[in-house]
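Visitor: give the three-dimensional model of this entry:
(chains A, B, C and D)
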Protein chains: 4
Amino acid sequence: MSGKIKIGIIGATGYTGAELLRLLLDHPQADLKYLTTTSAAGQDISEIYPFLRPRFSQKLAGYELSAAQKLDVVFICLPHGKSMDIAPELVNAGVKVIDLGADFRFRDLAVYEKTYQKHTAPEMNAQAVYGLPEYNRAQIQKAKLIANPGCYVTAATLALKPIIENLSFVEGSIIIDAKSGVSGAGRALRQDTHFLEVYTNFSAYKLGVHRHQPEIEQNLGGAPVVFSPHLLPVNRGILATIYVKLGKKTDIDNILSILQKQYQNEPFVRVVKNPPALKDVVGSNYCLISPTVVSTPFNDQTQLILVSALDNLVKGASGQAVQNMNIMFGLPETTGLERVALNP
Amino acid sequence: MSGKIKIGIIGATGYTGAELLRLLLDHPQADLKYLTTTSAAGQDISEIYPFLRPRFSQKLAGYELSAAQKLDVVFICLPHGKSMDIAPELVNAGVKVIDLGADFRFRDLAVYEKTYQKHTAPEMNAQAVYGLPEYNRAQIQKAKLIANPGCYVTAATLALKPIIENLSFVEGSIIIDAKSGVSGAGRALRQDTHFLEVYTNFSAYKLGVHRHQPEIEQNLGGAPVVFSPHLLPVNRGILATIYVKLGKKTDIDNILSILQKQYQNEPFVRVVKNPPALKDVVGSNYCLISPTVVSTPFNDQTQLILVSALDNLVKGASGQAVQNMNIMFGLPETTGLERVALNP
Amino acid sequence: MSGKIKIGIIGATGYTGAELLRLLLDHPQADLKYLTTTSAAGQDISEIYPFLRPRFSQKLAGYELSAAQKLDVVFICLPHGKSMDIAPELVNAGVKVIDLGADFRFRDLAVYEKTYQKHTAPEMNAQAVYGLPEYNRAQIQKAKLIANPGCYVTAATLALKPIIENLSFVEGSIIIDAKSGVSGAGRALRQDTHFLEVYTNFSAYKLGVHRHQPEIEQNLGGAPVVFSPHLLPVNRGILATIYVKLGKKTDIDNILSILQKQYQNEPFVRVVKNPPALKDVVGSNYCLISPTVVSTPFNDQTQLILVSALDNLVKGASGQAVQNMNIMFGLPETTGLERVALNP
Amino acid sequence: MSGKIKIGIIGATGYTGAELLRLLLDHPQADLKYLTTTSAAGQDISEIYPFLRPRFSQKLAGYELSAAQKLDVVFICLPHGKSMDIAPELVNAGVKVIDLGADFRFRDLAVYEKTYQKHTAPEMNAQAVYGLPEYNRAQIQKAKLIANPGCYVTAATLALKPIIENLSFVEGSIIIDAKSGVSGAGRALRQDTHFLEVYTNFSAYKLGVHRHQPEIEQNLGGAPVVFSPHLLPVNRGILATIYVKLGKKTDIDNILSILQKQYQNEPFVRVVKNPPALKDVVGSNYCLISPTVVSTPFNDQTQLILVSALDNLVKGASGQAVQNMNIMFGLPETTGLERVALNP
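Guide: Numbers count the residues shown, from 1 in each chain, chains lettered A, B, ... in the order given. Predicted coordinates:
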């Protein structure tokens, strides 16, 4: 294996873990060495995910530092609050860590603690780099610990950040009406992800109180956000319809040029004229963003509508994590990530 | 037969026609006399819709005034622009008309003509009553011609009208982020309703330029609206998430009491504490409305979020049409309409 | 109240319980008096099933004989093995019992015990009537205890029984390739009914070892059956494709006339020429059956294919249970059950 | 470009054309030179399939031999009956042809003409090689014209051929109860692929008269087959449940060893113990096959049930076509085809 990257996945049986496997099987530099579980030690991952079986089979183990410290990089796919326990010892052992959970995403620990729970590794938090390559590429290259952004957050931030930073006449709160497929809710058994609760259904949840709202606000420099998540009856994908009130009229070409200038060299962000659909991105690492400007008829108010779409398990989680790994290890950023969406 | 209502459906092979049949088969006063078609004359409706076969079989005919004028009431389920041609002669022949299309929905013909096309029956338009029973019950009782509201419009109007009329500090444009099942797009063949375009997909369309936007604004007395329709990968149902900016803080109980006061005696509108899901209403004539008040953290702006859900083919079309028929014929308003949603 | 039937549902929070409520709300003689639960006592059923809320609200209680014995009829919607514990005391207290589980479905207790578990109420089993109205109507009228048939079993038996009994040249094993929506698996949390395990998926399970196979064989007088259930990614409905090898050539008209003769006066069985689709029946109490005769090209073997479709929660469970109640109480058999399928 | 394979796709706007593009974008030797259309000349393929846009953009042209003859290989993705018109001139011009239609699949032209239509290129048909690599690899290497097998046919043949050829006591007709996702029906507009005809639905069609039945029988050396296709409410995938009556008892291990011996060195066929699910293969080029042996209880008849699953657009069409291309050009057979299924 010599030059390959020795990789571990902590919590490999969840959906982000399985998605990392799907992606890394096609990554020429990946050497999958170590898959851990808290519940299924001794089982083979291909028993839990038969779709992997034609190409991959590996026993799951319980997490042990002695095993993990031989790796080059570890992806942590644990529930929020669990990474704090192990990321420090891994980083201290010289293993690069990419955490797909929320524990190291907040610069301001008070916001983390208000949103999640007590933080037990504040010094480590200070070293963490927020893994949004489009904005933090240079820091990611040198990082020891990556806090991989949330799925809703990536969709919203990529659409909004250039607008907020380049348009001086944004007014009032930004409304993010976001719709997500069910895989964002994870594989654990819950009544609200039973097939019969979701199929043919659609609903809003946690209006104004979802944990991704403060993370979005952090990324937007504190711009006020009203965040409304909804559950789509599909497996994958996030589509966010975002409303930005403009203080004066502007041209759609102005908006397009702001977005295009920001992302023209980005491998995984595309600015498009027509609003993207979920199936344009599902299975891929691309984020598609499209702006529309609407003038309400009676009072000349102007509304910018941004539609942003990505696959919550790819650009919203495991794909972005691999993108971060590529940057950290000096590989071309698109390695293993170039496939297009599965369609139809 | 004697006392029953002799009913015709003009354009019975579309989804709103089939839905009228589903509902009227359980209506004790309905006598289905006459089903017309422009494309399938001579066929039996149960060949086109086998789900009807166990209880109903009837030959389809081409429309003729001589046949239609013997009826008590006619439901017109034709594409927009076609009712203008036949509603006048039916009304003049003494037949009550309930039009499920848009031709007679606008008080201001200039708005109709800008939104749809040239209006060819302006005098008849002046006689039409807008068939939203919760607001026009007295006029509906005496009407000869009902303009049955649009599906998105009913969901938005029932949620917003009491707020607009009772809350003095609504500010700026109202944002209606609405999501509809595919049956709203009709049964005609189009690439965008091919199974493979919709399944596992989700998308926004006609942002800010949908034809229901001016109809909503009419119902709200001209309040400015940004209307964003989306296509859900399900068969039925509309869920609208509506954002109303408030000029000062208010209590959720204040909002709830406005809505409850408005609808406490209404048979088909329910104000509920938790945001409704699509499956709470699909198959039924109920509209569920739930308010949430959100304060954005940094600048004390206050946002009212209303979630409104109904079945686009029932309360959004054929069920509301039957409700109007019941009112016009002096029957209990709920006759034939009381079933709950099909769930799971 | 007076003349109405006082009804209890034991285990009201499962899908068959909820479906009984949906149907009985439209039953003019039903007086829903008593809903029990093992897990949610004190909650209102409309909190668990918000779709009921517009019309129905009732507190759930734990089961007590003292309360149940005041009822006219009790529907038992408990997991298999639980009805044996309470049906005897209810019957002895003079309450009619309709059991939707398997405990009293087998004439031969040895088959029950091999298929399920030890039977603890064999005397009561001897009194039970198998609740398939199309074959046992007279006995149902006088029954104190009804064993309501299984969902797969009803679909297979209604299609096959007339063929087996009237065609002398059926050969070899009958193959029943059956496909069911997820509601047949119940509301309890299981990995295999998580939305993401089912959506866009399809699979066979328990090939040749499903518990409905011996029940089908009992109904067919011991004819050998190969039963292959599959899980469809839909909420409701069973469609069974049944293969019967014929020892000599026969005409499709012969098969049609056997089926039509059997079912011409049945309110809920329809023999149709074209194979039915799931959506022709979902939401309704109808079972549609269609035969096709195929000659294989090279050796003149003749194969009869029967397609049988019903809604597993209606004709396959709760609708059939209400049909049985109607017969037991001398009501028209179709009372509360005539609605057609929900379509589209 | 030098050493790359210059590729054309005739009929690139259908689903098999789009799937070829998806696969070939990840094929290191593919140089996509020429995409033709009969209806959309001048449009860019990424306008029709926005999912391609992040990586691929190319103008569609009308087919012209002068352009096509510069290519190394052409995939023909036209409706049945159209390849006969152009395959001969392409082969004669020295272009390798892989036809995804049925025109060259039958050794016996009488069967083709009975099943489809008059054949206008019988000499070319005599040169065609049936493109099932697991059985015709050597011939494919030297072929000028490949007839790529049908989707149902691949699933059935891979499961059955080793059994038919190695088990002496197969009796009577083989029953193939097959279920396919909607993409098998193509992208053209038809009422039966409207979203609302398929969603939440399931149905059998063309029982015993589907055009794939004679192709399966050809592959099985004339064994009699009863073929029953069904339409699944999903986008992709075929799962066939196959019933083989055995004349005497046999052990499951015997069956497993026949299958494993046949496929142990095959890169894209896997013999598995538990019946595969659709999602184990969707998006991948793998075919999974699992046998079960069932003894019916009363008469000791023995039934072999084979479950075979593949993605109709990959191993059932475009993936198999790329596999054939790899063989024809001396590349490793798995080039560009190794990705696993998309799951969840």
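Visitor: alongside chain D, which residues does chain A contribute?
Guide: A:15, A:18, A:22, A:25-26, A:49-56, A:183, A:187, A:200, A:235-236, A:268, A:270, A:272, A:274, A:276-277, A:279-281, A:283-284, A:286, A:288, A:338-344 (Cβ under 8 Å from any Cβ of the partner chain). To be clear about C-beta, it is placed using only N, CA and C from the backbone, and glycine gets the same treatment.
Visitor: how about a cut-off of 6 Å?
Guide: A:22, A:26, A:50-52, A:54-55, A:183, A:235, A:270, A:280, A:283, A:286, A:339-344 (Cβ under 6 Å from any Cβ of the partner chain).
Visitor: now do the strands in the stretch 201-344 of chain A.
Guide: In the stretch 201-344 of chain A, the strands defined using DSSP state E, counting those that start in this stretch lie at A:203-204, A:225-231, A:238-246, A:269-271, A:287-295, A:302-310.
Visitor: which positions in the fourth one come out as buried?
Guide: Across strand A:269-271, burial judged by 16 or more other Cβ atoms under 10 Å in any protein chain shown covers A:269, A:270, A:271.
Visitor: tell me the residues on chain A that lie near chain B, please.
Guide: Near chain B, when you scan chain A using Cβ under 6 Å from any Cβ, you find A:173, A:175, A:177, A:196, A:200-204, A:207-208, A:222, A:224, A:226, A:228, A:232, A:234, A:239, A:241, A:243, A:275, A:277-279, A:292, A:294, A:296, A:298-299, A:301, A:303, A:305, A:307, A:344.
Visitor: now list the buried members of those.
Guide: Among these, the ones that count as buried by 16+ other Cβ under 10 Å are A:173, A:175, A:177, A:196, A:200-204, A:207-208, A:224, A:226, A:228, A:232, A:234, A:239, A:241, A:243, A:275, A:277-279, A:292, A:294, A:296, A:301, A:303, A:305, A:307, A:344.
Visitor: so where is the stretch 51-200 of chain A shaky, pLDDT-wise?
Guide: For the stretch 51-200 of chain A, no stretch is flagged by pLDDT under 70.
Visitor: now with 90, please.
Guide: Scanning the stretch 51-200 of chain A with the threshold set as pLDDT under 90 gives A:172.
Visitor: so what's residue A:251 closest to, chain neighbours aside?
Guide: residue A:293 (7.4 Å; Cβ to Cβ, 6 or more residues apart in numbering or on different chains).
Visitor: surely that neighbour meets residue A:252?
Guide: Yes - here residue A:293 lies in contact with residue A:252, judged by Cβ atoms under 6 Å, at a distance of 4.8 Å.
Visitor: higher neighbour count, these two?
Guide: Higher neighbour count among residue A:293 and residue A:252: residue A:293, with 20 against 13, using other Cβ atoms under 10 Å in any protein chain shown.
Visitor: quick one: that one from residue B:319, how far?
Guide: For residue A:293, the distance to residue B:319 (Cβ to Cβ, to the nearest Å) stands at 37 Å.
Visitor: check residue A:343 too.
Guide: 36 Å.
Visitor: and the closest residue in space to residue A:314 that isn't next to it in sequence, how far is that from residue C:196?
Guide: Of all residues not flanking residue A:314 in the chain, residue A:285 sits nearest, at 4.8 Å (Cβ to Cβ, 6+ apart). Per Cβ to Cβ, residue A:285 is found 20 Å from residue C:196.
Visitor: equivalent analysis for residue A:53, please.
Guide: Counting by Cβ to Cβ, the gap from residue A:53 to residue C:196 is 18 Å.
Visitor: relative to strand A:302-310, how tilted is the longest strand that chain A contains?
Guide: The longest strand of chain A (DSSP state E) is strand A:170-180. Interaxial angle, strand A:170-180 versus strand A:302-310 (axes from the mean of the first three to the mean of the last three Cα atoms, to 10 degrees): 30 degrees.
Visitor: tell me the domain boundaries of chain A?
Guide: According to automatic domain parsing, chain A comprises the domains A:5-127, A:151-312.
Visitor: and among these, the most buried is which?
Guide: Here the criterion is mean neighbour count by mean count of other Cβ atoms under 10 Å in any protein chain shown, and of the domains of chain A the winner is domain A:151-312, at a mean of 21.
Visitor: sorry, back to before: can I get the buried residues of strand A:269-271 in TSV including distance to residue A:6 and pLDDT?
Guide: Formatted as TSV, these follow (distance: Cβ to Cβ, whole Å; pLDDT from 0 to 100):
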residue	distance to residue A:6	pLDDT
A:269	30	98
A:270	33	98
A:271	37	98
